[in-house]
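Participant: just the structure for this:
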Amino acid sequence: MRGRSDGGQKKRLITSVIIVAIFFGFLYAYRGSIFGSSNNAMEYGKSLRKLGSSYLGGDEDTDGKQDESSQFGHDEGEDDVVPKSFPVCDDRHSELIPCLSRDLIYQMRLKLDLSLMEHYERHCPPPERKFNCLIPPPHGYKIPIKWPKSRDEVWKANIPHTHLAHEKSDQNWMVVKGEKIVFPGGGTHFHYGADKYIASIANMLNFTNNKINNGGRLRTVLDVGCGVASFGAYLLSSDVITMSLAPNDVHQNQIQFALERGIPAYLGVLGTKRLPYPSRSFELAHCSRCRIDWLQRDGILLLELDRLLKPGGYFAYSSPEAYAQDEEDLRIWKQMSALVERMCWRIASKKNQTVIWQKPLTNDCYQDREPGTLPPLCRSDDDPDAVWGVPMEACITPYSDHDHKAKGSELAPWPARLTAPPPRLADFGYSSEMFEKDTEIWRRRVESYLNLLSTKIQSDTLRNVMDMKANFGSFAAALKDKDVWVMNVVSEDGPNTLKVIYDRGLIGSTHNWCQAYSTYPRTYDLLHAWTVFSDIEKKGCSGEDLLLEMDRLLRPSGFIIIRDKQHVIDFVKKYLTALHWEAVAGADANSDSEQDGDEAVFIIQKKLWLTSESRRDTE
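Facilitator: The predicted structure is shown next:
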């Protein structure tokens, strides 16, 4: 009896082994399918070790530490683990934004309050849901049309979404014409052109010569609910730069259209967290029928705009409520009017369906309010410049004693403010001489970069530029005479120099490079990474993840300038083939003045590559 029982167990064991083998066979086949067709696999390879934190979902899982084998080539035998290729993501991920993925929210069943727009805020994937693959371009992708022509037209193949053209056909947002999508300059409130609408705002405010820049005193603008950013596009000709802001919502790919056009833009939402900009960043905030409920939660969203506006800054609000034709509009208008009055805003001008409020220059009005008036002043220990993951609060940010006495931001008019030492420089213990030296150092460095790139670029090659570690914005300042704009990124855990950058008349955002940036793939023509790899190495984050993220951000044929320690440059060089990048120049290609201490410079260009399906479509 014991022998027969053992035999039965052996049969069952053999059967179990066969079943497990079949299961893993199906699993292997399934895993192969998620990276696209067999042609992709043959063309780009699929062998890849498990890399770091598996593609920039966030560093929460690392507790500040990584497997030593993922760290920048310090360990022995590293040549054996460098991948020969990265897999290519499935075509459906050609527009992947890892920390702003609605699919991720559905898959993880996150309990978010839709009424507070939490589903449009950043939610980075856990390790098991991160990607480790190259983002493919869409079928038929072409090198983007160059600025300034791109302001008015883009290739339809690059952003194959025509929903907005049909939905907003009566508002002239965009029109499909053959292989292109054209932008007539219209918007929800300015069907007949943003230029005329901008001129009307300048006229309402009695600005100098009816010019919106007001003699250089108005330079930085925040446009919330910006659509395809035509408002910001037409402000550029007046030397006014706009941070066009909109979420990744039902208005498909509006920020992607803006960036493809060469217009500064950022994916974000007025939800529950502060926007990634310091206090007193903008001279003008704008909302043109932006479908935002400004009265919700004790006016918390208007109070976030108040935090972001400079002393004496304006909020231009174009909406039916400003006209108050029916009972509901009249109710909203009365409540908004009462709210902004308690916030000490005054009506600077009102005409038809547009009202422009102005923020006070001093604390006088706040001090004169009746005790207990809502909204209250923020606590004295509240830092108005702390923004990364910081919840909004329904309170008014008062001015410091110095700012109250100054009765304004003390900024020089543009363009003098670009090189004039900003008043908030003193917050960091920097002198005017140190600031001027920093400006001059980066002027020389940028001149050297452009010399290294001289055989590769023409006057219109670059448009969208990102400085991944901007410090005081001197890299961007050195590019003033070039037809580019720069997104200046400041680390969330370093000196909060972004307020100095805005005081210089530049724009930027706060970010943590252990996570993915809030933008679409193929967004920037040039990335400048000054000691960014060294910084994340100290945090224990993955260098390979950052390489993949930089590839996601970069347009095909775009450039990366890495300025870092030599071991970082050596680390990056090992991945050029895997990423379809090619070396353009290094520090040894120029004079020793290009080097700074133990820093070296390495310039890379991303090749245009297509999947098999994309190549067939192009042909």
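Participant: can I get the one helix or strand Ala258 maps to in PDB, CA atoms only?
Facilitator: Using DSSP states H and E, Ala258 sits in helix 254-261. The C-alpha coordinates for helix 254-261 follow below in PDB (Å, rounded to 0.1, in the frame of the first residue of the first chain):
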ATOM      1  CA  GLN A 254      -3.600  70.600 -24.700                       C
ATOM      2  CA  ILE A 255      -0.200  71.000 -22.900                       C
ATOM      3  CA  GLN A 256       1.400  68.700 -25.400                       C
ATOM      4  CA  PHE A 257       0.200  70.900 -28.200                       C
ATOM      5  CA  ALA A 258       1.600  73.900 -26.400                       C
ATOM      6  CA  LEU A 259       5.000  72.400 -26.100                       C
ATOM      7  CA  GLU A 260       5.100  71.100 -29.600                       C
ATOM      8  CA  ARG A 261       4.400  74.600 -30.700                       C
END
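Participant: other SSEs contacting that helix?
Facilitator: strand 153-155, helix 230-235, strand 241-246, strand 265-267 (3 or more Cβ pairs under 8 Å, 6 or more residues apart in numbering; DSSP states H and E). C-beta: built from backbone N, CA, C; applies to glycine.
Participant: of all those, which one is nearest Cys365?
Facilitator: Of all these, the one in closest proximity to Cys365, counting by Cβ to Cβ, is strand 241-246 (27.2 Å).
Participant: give the buried residues for that closest one.
Facilitator: In terms of neighbour count (16 or more other Cβ atoms under 10 Å), strand 241-246 has its buried residues at 241-246.
Participant: just the residues you listed now: which is nearest Lys607?
Facilitator: Nearest member of the buried residues of strand 241-246 to Lys607, counting by Cβ to Cβ, is Ser244, at 29.8 Å.
Participant: tell me the bridge partners for the closest one.
Facilitator: Ser244 forms beta bridges with Asp223, Ala265, as assigned by DSSP bridges.
Participant: so who does it touch?
Facilitator: By Cβ atoms under 8 Å, 6 or more residues apart in numbering, the residues touching Ser244 are 223, 226, 229, 231-232, 255, 258, 263-266.
Participant: got it, and Asn214?
Facilitator: 202, 205, 207-208.
Participant: related to what we said a few turns ago, now for the contacts of Ser244, which pair is the farthest apart?
Facilitator: So, those by Cβ to Cβ: farthest apart are Phe231 and Tyr266, at 14.4 Å.
Participant: out of these two, which sits in the more crowded spot?
Facilitator: Phe231 (26 against 23; other Cβ atoms under 10 Å).
Participant: re earlier: and which of the contacts of Ser244 is nearest Leu425?
Facilitator: Set against Leu425, the nearest of the contacts of Ser244 by Cβ to Cβ is Pro264 (23.7 Å).
Participant: wait, what's in contact with that closest one?
Facilitator: Pro264 makes contacts with 229, 232, 241-244, 258, 485, 487, 507, as judged by Cβ under 8 Å, 6+ apart.
Participant: how far away is it from Thr242?
Facilitator: Using Cβ to Cβ, to the nearest Å, Pro264 is found at 6 Å from Thr242.
Participant: okay, the contacts of Asn214 in a markdown table with secondary structure, pLDDT and distance to Asn158 next?
Facilitator: Below are these laid out as a markdown table (DSSP: H, G, I helix; E, B strand; the rest coil; pLDDT from 0 to 100; distance: Cβ to Cβ, whole Å):
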| residue | secondary structure | pLDDT | distance to Asn158 |
| --- | --- | --- | --- |
| Ala202 | helix | 97 | 34 |
| Leu205 | coil | 97 | 37 |
| Phe207 | coil | 96 | 37 |
| Thr208 | helix | 88 | 39 |
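Participant: circling back to that earlier point, find residues that contact each of Pro264 and Thr242.
Facilitator: 229, 232.
Participant: looking at this, Met434 is in a helix?
Facilitator: Yes: Met434 sits within a helix when classified using DSSP: H, G, I helix; E, B strand; the rest coil.
Participant: which phi and psi values does His402 adopt?
Facilitator: His402 adopts backbone torsions of phi -60, psi -50, taken as degrees, to the nearest 10.
Participant: number of nearby residues for it?
Facilitator: 11.
Participant: how about the one 10 residues further on?
Facilitator: Other residues lying near Ala412 total 18 when counted by other Cβ under 10 Å.
Participant: next, count neighbours for the closest residue to it other than its chain neighbours.
Facilitator: Spatial nearest neighbour of Ala412, chain neighbours left out: Ala420 (4.4 Å); criterion: Cβ to Cβ, 6 or more residues apart in numbering. By other Cβ under 10 Å, 19 other residues sit near Ala420.
Participant: now Ala420: which helix or strand?
Facilitator: Counting by DSSP H and E, Ala420 is part of no helix or strand.
Participant: my guess is it meets Glu410, correct?
Facilitator: No: shown here, Ala420 and Glu410 do not form a contact pair, counting by Cβ atoms under 8 Å, at 9.9 Å.
Participant: now Asn451: how far from Ala578?
Facilitator: Relative to Ala578, Asn451 is positioned 29 Å away (Cβ to Cβ).
Participant: against Gln335, how distant is the residue lying closest to Leu554 once chain neighbours are set aside?
Facilitator: With sequence-adjacent residues excluded and distances taken as Cβ to Cβ, 6+ apart, Leu554 is closest to Lys606, at 5.0 Å. The gap separating Lys606 from Gln335 is 51 Å, by Cβ to Cβ.
Participant: what about these two, which has more around it?
Facilitator: Set Lys606 next to Gln335 and count neighbours by other Cβ under 10 Å: Lys606 wins out with 22 against 14.
Participant: please name the bridge partners of that one.
Facilitator: Applying DSSP bridges, one finds that Lys606 bridges with Trp581.
Participant: buried residues in the biggest strand by length in the chain?
Facilitator: The longest strand of the chain (DSSP state E) is strand 554-565. Within strand 554-565, the residues that count as buried by 16+ other Cβ under 10 Å are 554-556, 558-565.
Participant: in CSV, list these along with pLDDT.
Facilitator: As requested, the buried residues of strand 554-565 are exported to CSV (pLDDT from 0 to 100):
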residue, pLDDT
Leu554, 98
Arg555, 98
Pro556, 97
Gly558, 98
Phe559, 98
Ile560, 98
Ile561, 98
Ile562, 98
Arg563, 98
Asp564, 97
Lys565, 96
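Participant: where's Phe475, which helix or strand?
Facilitator: Assigned by DSSP H and E, Phe475 belongs to helix 474-477.
Participant: output the lowest mean pLDDT helix or strand found in this structure.
Facilitator: One helix or strand of the chain scores below all others by mean pLDDT, DSSP states H and E: helix 38-44, with a mean of 33.
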